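Trainee: attaching a predicted model along with its sequence, questions to come.
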Amino acid sequence: MVIVVNFISSLTERLRVFLLTGENEIPAPWWDIIEQIQILQEGLSSYSDSQLFDEWHSLRYRAQSGESLTKIMPEAFAVVSEQMKRHLGMTPYSVQYLGAFAMHEGAIAEMQTGEGKTLTAALTLCLNALLDHGIHIATANDYLAKRDANWLSPVYHSLGMTVGVITTTSSLSERQAAYECDITYGTAREFGFDYLRDLLASPEFDTIISSRRRQLFGQRDQQREQQFLNSRQPYMVIIDEADSILIDEARTPLIIGQTNAIEEEQLAVACEWSANHVGKLKEEVHYIAHGPQRGMELTEAGRRIVREMLLQHDAPSGLDTGTAYLSSERALRVQNYFQKGRDYVIRDEKVAIVDEFTGRISEGRMWQNGIHQAIEAKEGLDITSPTKVGAQTTVQELFSRYPRRAGMTGTAESAAGELKKIYNTPVIKIPTNLPSKRQVLAEQVFLTAEEKWAAIVSETIAMQRRGRPVLIGTRSVNLSNQLSAQLLQAGLDHEVLHALNHENEAAIIKQAGQPGRITVATNMAGRGTDIILDQEVIKSGGLHVICSELHESARIDRQLTGRSARQGDPGSARIFLSFEDDILTTGLGIQRSQELYSTYRESSQDLKTAVRYFYQAQKRVEKHHEQQRVELVDRINQRRQTLQQMGQHANLDVH
Ligand SMILES: Nc1ncnc2c1ncn2[C@@H]1O[C@H](COP(=O)(O)OP(=O)(O)OP(=O)(O)O)[C@@H](O)[C@H]1O
């Protein structure tokens, strides 16, 4: 045993050298280490449970006495694997060890969907938990946090480790308890908000925030009076769906707000008044549209009309002209760019934001700068409290607090450059356990959206006739409903999975691999839930995935197509496009997309060669989003510096 362990130690040193060189191919020594782990595990199979526990305990002792975790890794993985075999009935595959090595060394392991990332992460988590510092695993949503923690808890408990879960609904004391555990599961968003809550409660925040600034933000938040939620210094985080969190979500800051009663009242009045009046304003005459980000601008004629409306008897008293201009511009922006069913849904008489990347409701999120209230006014709902920024952070800053961080995902390779640049984290591509049998069929391009949807229905019928299940991904709840109506018209039974019914997700996904089953899903597309194929389906070609439009991020498209042909199963995928798709206008502009539309209307035989325009448009949008992320980080850093300067001035005043 000693000889084996020494041999492994020399190999693990080589593993580190490899990572530092930044190549992303799996080197031969990694395979040798796996073989040795398997030999070690074989030796442990005769151990009793208490002997295994003692073995783990001695590894803890060695780790805490200063022996490097990399050196201990093979022995630790052998013990954890033996516990996985005993408690879950599964022994990690070789590729899962590769993923765990990569993550232990701080990389993002790119593992295809369905390759077993949950188990892989557990290996790395256990190893790093040997130091007793507390490890976080950031999952894509609450459901996965609970599911994964429950599934793996017998393994953690058998090693004497505690595991906690934080979800949107966790109380403060539940959060405190979960952070005390060896391993804590939660979403990046929850970890981020708890960090901000603790930041607001910290004495440093008081020094930074001068008394003048406190006046601006109102009195101390109640939460600031109580203990920290997480009193431990964060040590390591593993980020699941790392590209989605580190790239897609990094465009919006995490903000924790504080309210102000007077502004609340004024905003509500202005929003309601504007929502009722902006219908009278005409584009180009009264306002200019600058796009979703920059919004609307009233022209001189527009301002005149707003002033006239303010003089009418139904105008609320106390609404000043400046506020009326601003709230009219905001109401116009909401009317033109925020779509019910795509950007938000109404749930329990409240506006709930739909995450554009996952298709799920972003629990607890509100749009800032009065947008949320303007939407409520447009929908005739009660106006909720506006929030002022109390503290904010970026995803980049949140994760840079952890001395050790790693990630895993099915689709990081295309974002490898940005991940390396912003987070200094390499991406390592892990091979699949079994060779992939996915057939990616040629894209189909149509002039109009109508033709495209008709073709999607036809392809669905053809696949169903062969006994194959079909999963159709759409970009919004509205489109899902529209397609659903068409499927019904064609007499096709189907299930719809979207932000408003995602409680049934697991049940719907469970059935999605049955012969001839049709499932329509918004972007979430059952991420994190396995579509298990019926034996008959495997014989008839597996799941067929239809991507009904290109998403603004190519990774989301790949996640969708990746639902087919998992773990060596057969399967296929096809992307359908039309010249009326949003991606063209967003990426190439309205004029260019109209030109393309006209060109291809005249020469429809060229449609096939048009595919490249769609990918070009998608690339442009991705580039634009990357730019936004860089700007966000700069803006928040600048704001911090200003605050710090204000704090220093305040201190000078006191002295
Ligand atoms: N070593 C193993 N032996 C047998 N089954 C395994 C093993 N590892 C994982 N599985 C099974 O494979 C399936 C997929 O696992 P998991 O959900 O972790 O995959 P994933 O890579 O996270 O997929 P996704 O990207 O869809 O979330 C699960 O049903 C799991 O039980």
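Mentor: Ah, there it is.

Trainee: average pLDDT for stretch 522-529, rounded please.
Mentor: Predicted confidence along stretch 522-529 averages 60 (mean pLDDT).

Trainee: typo on my end, it should be stretch 437-446
Mentor: 92.

Trainee: do the same with stretch 603-611
Mentor: Mean predicted confidence for stretch 603-611 is 75.

Trainee: cool, and stretch 349-369?
Mentor: Across stretch 349-369, pLDDT averages out at 78.

Trainee: how far is it from where the chain is centred?
Mentor: Shown here is stretch 349-369, whose average C-alpha point lies 13 Å from the average C-alpha point of the whole chain (CA atoms, centre = their mean, to the nearest Å).

Trainee: in that stretch, what counts as buried?
Mentor: Residues of stretch 349-369 classed as buried under the neighbour-count rule (16 or more other CB atoms under 10 Å) are 351-363, 365-368. Using the backbone N, CA and C atoms, a C-beta is placed for each residue, glycine as well.

Trainee: for stretch 116-135, same thing?
Mentor: Using 16+ other CB under 10 Å as the test for burial, stretch 116-135 gives 116-131, 134-135.

Trainee: does it come close to the ligand?
Mentor: Yes: using CB under 6 Å from any ligand atom as the criterion, contacts between stretch 116-135 and the ligand involve Gly116, Lys117, Thr118, Leu119.

Trainee: tell me the contacts of the first one?
Mentor: If I follow you right, that is Gly116. The contact partners of Gly116, taken as CB atoms under 8 Å, 6 or more residues apart in numbering, are Pro92, Tyr93, Gln96, Asn433.

Trainee: quick one, phi/psi of the closest residue to the ligand within the stretch 551-655 of the chain?
Mentor: Ranked by CB to the nearest ligand atom, the top residue of the stretch 551-655 of the chain for proximity to the ligand is Gln567, at 6.5 Å. Comment: the main-chain dihedrals of Gln567 come out as phi 50, psi 50, following degrees, to the nearest 10.

Trainee: report pLDDT for the residue of the stretch 1-150 of the chain found nearest the ligand.
Mentor: Scanning the stretch 1-150 of the chain for proximity to the ligand using CB to the nearest ligand atom identifies Gly116 as nearest, at 2.8 Å. Among the per-residue scores, Gly116 shows a pLDDT of 91.

Trainee: show me the helices in the stretch 101-250 of the chain, by range?
Mentor: Assigned by DSSP state H, counting those that start in this stretch, the stretch 101-250 of the chain shows helices spanning 117-129, 142-158, 172-180, 188-201, 203-208, 211-217, 242-243.

Trainee: point out the residues in the stretch 51-200 of the chain that sit beside the ligand.
Mentor: Taking CB under 6 Å from any ligand atom as the criterion, the contact residues of the stretch 51-200 of the chain with the ligand come out as 90-93, 96, 111, 113-119.

Trainee: and the residues you listed, which two are furthest apart?
Mentor: Spatially, the most separated pair among these is Thr91 and Thr113, at 21.0 Å (CB to CB).

Trainee: more neighbours: which of those two?
Mentor: With other CB atoms under 10 Å as the criterion, Thr91 and Thr113 differ in neighbour count, and Thr113 comes out ahead with 24 against 14.

Trainee: from what I can see the more buried one touches Gly410, true?
Mentor: Yes: here Thr113 lies in contact with Gly410, judged by CB atoms under 8 Å, at a distance of 4.4 Å.

Trainee: shared neighbours of those two, anything?
Mentor: By CB under 8 Å, 6+ apart, Thr113 and Gly410 have these common neighbours: Gln559, Gly562.

Trainee: show me what contacts the residue in the stretch 351-500 of the chain that the ligand sits nearest to?
Mentor: In the stretch 351-500 of the chain, the residue found nearest to the ligand is Gly410; the distance is 4.9 Å by CB to the nearest ligand atom. Listed by CB under 8 Å, 6+ apart, the contact set of Gly410 reads Glu110, Met111, Gln112, Thr113, Glu115, Lys117, Arg558, Gln559, Gly562.

Trainee: what's the closest non-adjacent residue to the second one?
Mentor: Distances taken as CB to CB, 6 or more residues apart in numbering place Ile430 nearest to Met111, at 4.7 Å, with adjacent residues excluded.

Trainee: and that neighbour, backbone torsions?
Mentor: In terms of degrees, to the nearest 10, the main-chain angles of Ile430 are phi -100, psi 130.

Trainee: list the contacts of it.
Mentor: Here Ile430 is in contact with Ile26, Val95, Leu98, Gly99, Ala102, Ala109, Glu110, Met111, Glu115 (criterion: CB under 8 Å, 6+ apart).

Trainee: quick one: the last one from Ala63, how far?
Mentor: Shown here: Glu115 relative to Ala63, a distance of 28 Å by CB to CB, to the nearest Å.

Trainee: which of those two has more residues huddled nearby?
Mentor: When neighbours are counted by other CB under 10 Å, Glu115 and Ala63 differ, and Glu115 comes out ahead with 23 against 20.

Trainee: get me the contact residues on the stretch 351-500 of the chain for the ligand.
Mentor: Within the stretch 351-500 of the chain, the residues that sit near the ligand (CB under 6 Å from any ligand atom) are Gly410.

Trainee: ok, which stretches of the stretch 351-500 of the chain are strands?
Mentor: Secondary structure of the stretch 351-500 of the chain (DSSP state E, counting those that start in this stretch): strands at 388-393, 404-409, 427-429, 437-440, 444-446, 470-473, 495-497.

Trainee: which of those comes out lowest on mean pLDDT?
Mentor: In terms of average pLDDT, strand 388-393 trails the rest of these, at a mean of 66.
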